[in-house]
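Visitor: sequence-free structure coming up:
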Ligand SMILES: Cc1cc2nc3c(=O)[nH]c(=O)nc-3n(C[C@H](O)[C@H](O)[C@H](O)COP(=O)(O)OP(=O)(O)OC[C@H]3O[C@@H](n4cnc5c(N)ncnc54)[C@H](O)[C@@H]3O)c2cc1C
């Protein structure tokens, strides 16, 4: 594996997406090394009670782009019980083939049965698929390393971008590997606290694997006319796969809209001074339709608000139309979770707070003066046809 700075961009697109590497004046031409693969890009789908999870649709959007650059096919692996309808949803979102493993044993996610079925399926591919993608969710993080270890292949976790391009291995200490590898997966993710974007490549083995953060990639528009094939996959579990039994599923009851689905997120940080400081943010959020209150990790750790509201590296990635950050310094680990929002408004009394680096509009001031005034003005705003009056007033 190698990590490179983003400045070294992928070269122009060609047969394998990366095209020919630019020749260096005095360098000997590198021999081309193509690791065997069927150019297939496979997404491991996630479903909960038959509902395909958003991260899977996002991965299909990213996977479509990779498959087109490779000149390959986009497929999906779906495990669970009674999922014909869910398989059709995957086709509408871009999958050409859905490998469907349908069994009551797979109804709820369990590590060992899921790993068994997926690895049993993938080892029948000769040559192996080129790329395998999973979500950076609890399930994806559990499953991906086990699949990677089974196939002795590399895995890059928590990617924010994916691409295809060539890789030149010129390290003479590795004579076996010297050469030009076309069509590599560029798994791109922030590193060193987001001061660098690392482009991580593992061209030696296929499938090349990555997980991506939920909320980062864009799904395709669903097309009910899109045609695809559902291939039923055998489920042969062994006694050692039954080490865990699901006795009961207890759901956390969440009132209101999730921050991941909200059009407007009003987020609070340690500058709010305590749990009661969030009351004014709830009032601000109530001025918008489909809104939710988010938070920094520091306030979640302080117990002011539940973890389900946390935005950032170890919380949720959000991409609302409007993100209002109140009393949040804007640490890198927070920014990676919200910096793709449509319109970012930051309120902070410190003019040098890093949150202003990503804000489209910044208000330097005390949150307890600015927010009540904002609420007053939003409530006074006249309704505008076609959008909530509050959204229009801010935009
Ligand atoms: C591995 C790792 C993972 C992490 N994951 C996350 C994550 O997922 N999400 C996350 O958020 N953080 C995460 N963090 C923590 C992160 O580094 C910061 O510590 C955290 O985001 C800071 O929270 P904050 O901005 O609320 O608090 P602070 O950094 O204390 O900032 C408070 C801000 O409020 C301002 N302020 C104070 N009073 C007022 C007022 N009255 N009006 C206006 N402004 C005011 C201050 O000027 C300051 O900028 C992680 C850290 C690590 C090491």
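Guide: Okay, I see it. Just so you know, these numbers come straight off a predicted model, no measurement behind them. Numbering: from 1, shown residues only.

Visitor: helix or strand right after the top strand by length along the chain?
Guide: Across the chain, the longest stretch assigned as strand under DSSP state E is strand 179-191. Next in sequence after strand 179-191, counting helices and strands by DSSP states H and E, comes strand 196-201.

Visitor: partner strands of that following strand, parallel or antiparallel?
Guide: Note on strand 196-201: by DSSP bridges, its sheet partners are strand 2-4 (antiparallel), strand 179-191 (antiparallel).

Visitor: Pull out the buried residues from it.
Guide: Neighbour-count burial for strand 196-201, counted by 16 or more other Cβ atoms under 10 Å, picks out 197, 198, 199, 200, 201. For every residue, glycine as well, the C-beta is placed using N, CA and C.

Visitor: Who does the third one form a beta bridge with?
Guide: When bridges are taken as DSSP bridges, the partners of residue 199 come out as residue 4, residue 188.

Visitor: Would you agree it is in contact with residue 185?
Guide: No - with contact defined as Cβ atoms under 8 Å, residue 199 does not reach residue 185; the gap is 10.1 Å.

Visitor: buried ones in stretch 231-247?
Guide: 233, 235, 237, 241.

Visitor: what's the neighbour count on residue 351?
Guide: 9 (other Cβ atoms under 10 Å).

Visitor: Now it: phi and psi?
Guide: phi -60, psi -20 (degrees, to the nearest 10).

Visitor: Show me the helices in the protein, by range?
Guide: 54-70, 84-92, 111-122, 138-151, 278-285, 297-301, 332-335, 355-358, 367-380, 389-394 (DSSP state H).

Visitor: Out of those, which is closest to residue 179?
Guide: Closest to residue 179 of the helices of the chain is helix 54-70 (Cβ to Cβ; 18.7 Å).

Visitor: So for that closest one, what gets flagged as buried?
Guide: 54-67, 69-70.

Visitor: same question, stretch 259-266
Guide: Under 16+ other Cβ under 10 Å, the buried positions of stretch 259-266 are 259, 260, 262, 263, 264, 265, 266.

Visitor: Which of these fall in strands?
Guide: Reading strands off the buried residues of stretch 259-266 with DSSP E, I get 264, 265, 266.

Visitor: and which of these is nearest to residue 28?
Guide: Closest to residue 28, out of all of these and judged by Cβ to Cβ, is residue 265, at 54.2 Å.

Visitor: circling back to that earlier point, of the buried residues of stretch 259-266, which are in range of the ligand?
Guide: When Cβ under 6 Å from any ligand atom is taken as the criterion, no member of the buried residues of stretch 259-266 contacts the ligand.

Visitor: Widest-spaced pair of these?
Guide: Longest span within the buried residues of stretch 259-266, Cβ to Cβ: 260 and 266, 14.7 Å.

Visitor: Can you tell me the centre-most residue of this protein?
Guide: Closest residue to the average C-alpha location of the chain: residue 213 at 2.5 Å, with Cα atoms, centre = their mean.

Visitor: so how far is residue 318 from that one?
Guide: 11 Å (Cβ to Cβ, to the nearest Å).

Visitor: do residue 115 as well
Guide: 30 Å.

Visitor: where in the stretch 1-150 of the chain is pLDDT low?
Guide: 1-27 (pLDDT under 70).

Visitor: tell me the contacts of the residue of it found nearest the ligand?
Guide: Nearest to the ligand in the stretch 1-150 of the chain, going by Cβ to the nearest ligand atom, is residue 136, at a distance of 12.6 Å. Residue 136 sits next to 55, 157, 158, 159, 211, 212, 213, 214 when contact means Cβ atoms under 8 Å, 6 or more residues apart in numbering.

Visitor: quick revisit: can I get the strands paired with strand 196-201 in a markdown table with mean neighbour count?
Guide: Listed next are these as a markdown table, based on neighbours: other Cβ atoms under 10 Å:
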| stretch | mean neighbour count |
| --- | --- |
| strand 2-4 | 14 |
| strand 179-191 | 23 |
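
Visitor: Can you lay out those as TSV showing distance to the ligand?
Guide: Output for those, formatted as TSV (distance: least, Cβ to the nearest ligand atom, whole Å):
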stretch	distance to the ligand
strand 2-4	19
strand 179-191	12
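
Visitor: Comparing those strands, which yields the minimum mean pLDDT?
Guide: Least confident of those, judged by mean pLDDT, is strand 2-4 with a mean of 40.

Visitor: buried stuff in stretch 163-183?
Guide: 163, 164, 165, 166, 167, 169, 178, 179, 180, 181, 182, 183.

Visitor: of all those, which two lie farthest apart?
Guide: 163 and 178 (23.4 Å).
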